[in-house]
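Asker: take this sequence and fold it.
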Amino acid sequence: MHKGWKEFSFYPWLFSLFPALFLYSHNLDEASGRTAFLAAALSLALTALVWLVAWVLVRSGRKAALLTFLFCLMFFTYGHLGSSLDFPPWVLLPWGAAFLVIAAIIILTRGDLSGWIPSLNLFALMLVLSAAAQIVWPRPQVSIRELGITDLQEDARLADLRLDRSLLPDIYYLILDRYANEK
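Answerer: Numbers count the residues shown, from 1 in each chain. You can find the predicted model right below:
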């Protein structure tokens, strides 16, 4: 019996789009749409390659999609977690071992994996839609002119803020780099 969209596993491709869209949505002023498109295209190409290799190994579209999702999840989160938690480089070995163990479980399972498809599709779709919404509807930035402040009022306020530098104390920062760590 055909179940329609609940059988189609598009979550690996949507999930692989999310990092590029997320980074672009948080760097709209610094990044170009061309850069975001290139990052998304490379991410989709990597995902397609991983899916193809997984499909050749397991000969199952559902397992290949789940293995691809696992690869993308671990690939895109390793650097982020590593930098935020200050992982040493050798943590890549247990990270890879965890991938292999979970991949082996997916490959060796004889159960029907179709129950995961709708949930993972919805999860990936929500991630992509949340990043896309931040691109389409960026956060509003209020300018001084929109607040009704004229150039003359702005100049008067800035003039009030200018202080006589001779009244300010001299502050020196001494940074001894002899005992500095890597950060």
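Asker: phi, psi of residue 109?
Answerer: Per-residue torsions, residue 109: phi -70, psi 140 (degrees, to the nearest 10).
Asker: so it versus residue 101, what's the distance?
Answerer: In this view, residue 109 and residue 101 are 13 Å apart by C-beta to C-beta, to the nearest Å. Backbone N, C-alpha and C define where each C-beta goes, glycine included.
Asker: and residue 36, by the same measure?
Answerer: As judged by C-beta to C-beta, residue 36 and residue 101 stand 34 Å apart.
Asker: which one of the two has more residues nearby?
Answerer: Each of residue 36 and residue 101 has its neighbours counted (other C-beta atoms under 10 Å); residue 36 has more, 19 against 10.
Asker: quick check: which helices or strands does the helix or strand hosting that one pack against?
Answerer: Using DSSP states H and E, residue 36 maps to helix 33-58. Here helix 33-58 touches helix 11-25, helix 61-85, going by 3 or more C-beta pairs under 8 Å, 6 or more residues apart in numbering; DSSP states H and E.
Asker: which strands and helices lie in contact with the shortest one?
Answerer: In terms of contact count using 3+ C-beta pairs under 8 Å, 6+ apart, helix 11-25 is assigned the packing partners helix 33-58, helix 61-85, helix 117-136.
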